[in-house]
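Undergrad: Have a look at this fold, sequence not included:
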């Protein structure tokens, strides 16, 4: 069967490794532990727009482009940064509507991340953040339980306290959530710190893939002085900087040598930055041993070997990254639609993925489009 552009329409199973829910306005006020209710995230309507606040007057989120899937194709001029819950696409909050949209998009299943939860990491209070995560995870587990074979939730865990994070990971695993997310910039230094060792050990033991999603900073980007009209673009354009730091810290500190079954994902950062970075890591490792006292991995492993063994990386529309796929490892690549956000490929996901994967071997298409993700999260 041919699409409108002459590209053969695919028959492979399409699984989104990066989809989202939209937290309803009463999620935390209804579900958070009673002792935190007066500090819980809440919606305030200001100037005709809904804003999220927590712990007094800490503003951490707005309604708008997070909820406008499909508009980029039908009416891009209507995409706005702000908005109200009346404008939210129902599939973000209603599992039945979410699955209807999966069917429209010919997507078999979705791995679900938060929307407002991506920016809630900026709340300073560790105890409050843990309570926020517990309430969200309870709600998400209920959301996914309606369609457990198609809706797969990722838990939020608070690595400020590694013990708390491990306990919540164990709890949410029992609830049916299939992974856990950690921030791209943790509060206490890099992920090469020994403090995180129990987290890696527990995730490996439990077979819980961890993931680092774009936009999850434990401290605000505004802490770094930037100037000029495009200052917001500076931070967003260079998001992969933080992932380079994380990947290098994890690999060079032997996390994956100690935990060969641990899986950690890079979500919504695209792919094409990674081939050169992995090459650079291998070069530094081989040719600059004086920089790290001649450290060598066991079994003649190279840094890029650990990436292929232990990491996965998502893309949405990175055709260049797919061209360079063999420098990263086809087995590491997973696709995501970013539904229901404005930049999502919904409802044209299959058409877009077909175009990006056009011309590569059929087996690789199947792996990238869905089978790699299915293997990670045990999706039937």
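TA: That came through, no problem. In this text the structure is predicted, and so the values were computed from the model without any measurement.
Undergrad: beta partners for the residue positioned nearest the centre of the chain?
TA: For the chain, the residue nearest the mean C-alpha position is residue 213 (3.2 Å; C-alpha atoms, centre = their mean). Per DSSP bridges, the residues bridged to residue 213 are residue 267.
Undergrad: what do you get for residue 53?
TA: residue 42, residue 59.
Undergrad: What does the pLDDT read for residue 132?
TA: pLDDT, residue 132: 99.
Undergrad: still on that earlier bit, the residue nearest to the centre of the chain and residue 114, how far apart?
TA: 9 Å (C-beta to C-beta, to the nearest Å). Where you see a C-beta, it was placed from the backbone N, CA and C, and this is true even at glycine.
Undergrad: Kindly report the same for residue 362.
TA: With C-beta to C-beta as the criterion, residue 362 and residue 114 are 35 Å apart.
Undergrad: Also residue 380?
TA: 25 Å.
Undergrad: between the two, who's got more neighbours?
TA: residue 114 (26 against 7; other C-beta atoms under 10 Å).
Undergrad: Give me the nearest residue to residue 155, chain neighbours excluded.
TA: residue 172 (3.8 Å; C-beta to C-beta, 6 or more residues apart in numbering).
Undergrad: Same question for residue 163.
TA: Residue 163 sits nearest to residue 198 (C-beta to C-beta, 6+ apart), 7.2 Å away.
Undergrad: my guess is that neighbour meets residue 161, correct?
TA: No - Residue 198 lies out of contact with residue 161 (C-beta atoms under 8 Å); the separation is 10.7 Å.
Undergrad: So which of the two has more stuff around it?
TA: Between residue 198 and residue 161, residue 161 has the larger neighbour count (other C-beta under 10 Å), namely 18 against 13.
Undergrad: how many neighbours does the closest residue to the more buried one other than its chain neighbours have?
TA: Leaving aside its sequence neighbours, residue 161 sits nearest to residue 126 (C-beta to C-beta, 6+ apart; 6.3 Å). Residues near residue 126, counting by other C-beta under 10 Å, number 15.
Undergrad: And for the one 3 residues further on?
TA: Taking other C-beta under 10 Å as the criterion, the count of residues near residue 129 is 24.
Undergrad: Do you know the pLDDT at it?
TA: 98.
Undergrad: Give me the helices and strands touching the strand or helix carrying it, please.
TA: Element membership for residue 129, per DSSP states H and E: helix 126-145. Under the contact criterion of 3 or more C-beta pairs under 8 Å, 6 or more residues apart in numbering; DSSP states H and E, helix 126-145 touches helix 27-31, strand 109-113, strand 151-156, helix 162-175.
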